[in-house]
Every structure is written in structure tokens, then in C-alpha cells.
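Colleague: Build me a model:
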Amino acid sequence: MPTYRGGRHEHGQNFLIDTATIQRIVDLASSTSGPIVEIGPGGGALTIPLAGLDRPLTAVEIDRRAVGRLCRRLPSVHLVNADFLTWQLPERPHVIVGNLPYSLTTAVLRKLLHDPHWSAAILLMQWEVARRRAGVGGASMMTAQWWPWIDFELIARVPRHAFRPAPAVDGGLLMMRRRDEPLVAWSDRADYRQFVHDCFTGRGNGIAQIVERGLPARSWAGFARRLRRTGLRPSALPKDLSADQWASLFTLSATHGWRAHRGAPARRRGSRT
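Modeller: Below you'll find the predicted structure:
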């Protein structure tokens, strides 16, 4: 699990040593199908049991020495000496598995979210980041922007002593799966992602007032009536919405003439109950 900078214990990585967590990840991988791509195999704690699944396995590792050691131990695995962030992912269906560098978690996630070919990703990262990505205790903008097409599931908390050397915080095991039936049409992804961005960065006492900034004034009353029928609280904050609620809110807003405000001044409205 290379961090690519800082430290000197094999590129600063925190090796996963807990056998129960390793087995949990391998079991999750076995529930999927297709070739596997592992991010940062390090010493091979995950690579060795993943190779036992008897599926095509590619492991991308930045440390040339680690690649050499794994090549000798695992001749059936395709070892690639490269920086995963700049390595081109396969243009065919595959599954991602990785014990992510804590310092590069967001960068890795962005790379994966923008790639259309993987079907599932099983990722070990910081506990708080995993919670936010799964929408536990409030979703992040990144999660909300991708929820219609990707399901984020928090699998388990992994204690810091499951790694050597132990990091400062616990880890979290997150599984991402591409939805068979998207909640929003893929052709609407640019408008939807802009809509989520505007909601997270907009001003207002709750989601109703925030959305109204992008609606024509003539639509406010009709939008408010239909919003109440959905059961979504007008005072709810963007972080509190579920995947289904985001999809419904986007569709409702679009039918009432929503347009991206991209920093337009907030309309002044009284409080809404």
C-alpha cells in the first residue's frame, strides 16, 4: 500500500496483516466475476489469496523491488511496475481490489469513478472516508454525484492494529458496485452532477430554498407542493439525502425548469415550514 511520499518503510505503506480482514476481502472478490485488478499489492498479502480464485489477476505496484519479489512467487499473476494513478485501466469489465494509500484515497476514487469499465471495487481506506462515501452520518458531494450509477456499501471497520506499521486511524472496508438499473439516465449525468454541486454549495435554509435558486419564480409554488408529496423535508440538508431522494429531487427540479446557477446570487425568500 504505497503512499508514494514520506516515510521509508517500503514507500511508507501500511501492510495489511489481519487474516480475518484479508479473508473478508477475498470472499467479497469471490462474489464477483471477471478479471481482477489489484492496487498496490506490496508484499502480496492480498495478491496470494486472490490468485487462488483462479481468475486473471493484474497487480499494479510502484515499488520495483516488490514487483520482482512477487514475480518470483506468483508467476501466474500479471505484475505491472507503475503508478496506479497514471496507469490505464483495462477497457473491458473487471473488478478492482485495493488497500489504498490513505494520502491518495480521494485521487484513486476519482480515477475509478470516472472509469466506465469496472463492475465492482473492494477498497480499504480510512474509516471516516469510507463512512462518508457510503453516506453513513451524511454523504459527501462526491458520493451524491455518483450515487445514481454506483452503489456504495460500508462493509466493516478495520482496526489500526490490522496493519503494520499501524496507521494513526482505523480503516474502513468499502464496496462499490455499478448499478444494473441507474437511478438517473447516463445521458443526464452532466446536468445531474452540476445539480448536486449547486445544492451542496448553494445557500438557503434547507434543500427547498437551495433548489429554488435554480428555478424560475413562476415554478416555486408548484415545486414546493410536489416536494411535500415526496416526503422529503424542505429543511433537509444536502448531506442528509439518500440516493433515491437525490434522483427524485433532480427529476422534480428538472420538470420545474431548473437551470444551473453557477454562482448566481441567491434569491431572497422567507423561511418555509
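Colleague: mind checking pLDDT for Leu28?
Modeller: Looking at Leu28, its pLDDT is 98.
Colleague: got a list of what it touches?
Modeller: Ile122, Ile155, Met175 (CB atoms under 8 Å, 6 or more residues apart in numbering). The way it works is simple: take the backbone N, C-alpha and C, and place the C-beta from them, glycine included.
Colleague: all strands of the stretch 51-200 of the chain, in order?
Modeller: 57-61, 78-81, 94-99, 118-126, 150-158, 163-164, 171-178 (DSSP state E, counting those that start in this stretch).
Colleague: any idea which helix or strand of this protein has the worst average confidence?
Modeller: Of all helical and strand segments in the chain, the minimum by mean pLDDT, DSSP states H and E falls on helix 220-230, at a mean of 91.
Colleague: what's the spacing between Val95 and Leu154?
Modeller: Val95 sits 18 Å away from Leu154 when distances are taken as CB to CB, to the nearest Å.
Colleague: which one of the two has more residues nearby?
Modeller: Val95 (24 against 17; other CB atoms under 10 Å).
Colleague: That one against Trp118, yeah?
Modeller: Yes - shown here, Val95 and Trp118 form a contact pair, counting by CB atoms under 8 Å, at 6.6 Å.
Colleague: overlap in contacts of the two?
Modeller: Val37.
Colleague: Looks like His94 contacts Pro116 (just checking).
Modeller: No - using CB under 8 Å, His94 makes no contact with Pro116, being 11.5 Å away.
Colleague: Look up the pLDDT of Gly270 for me, please.
Modeller: At Gly270, the pLDDT recorded in the model is 38.
Colleague: ignore the last one, Tyr4
Modeller: 33.
Colleague: from the contacts of Leu28, which single one is nearest Gly257?
Modeller: Checking these against Gly257 by CB to CB gives Met175 as the nearest, at 37.7 Å.
Colleague: Which of the strands of the stretch 51-200 of the chain sits closest to Trp87?
Modeller: Nearest of those (CB to CB): strand 57-61, 5.4 Å.
Colleague: helices and strands around the closest one, which ones?
Modeller: strand 36-39, helix 47-51, helix 64-73, strand 78-81 (3 or more CB pairs under 8 Å, 6 or more residues apart in numbering; DSSP states H and E).
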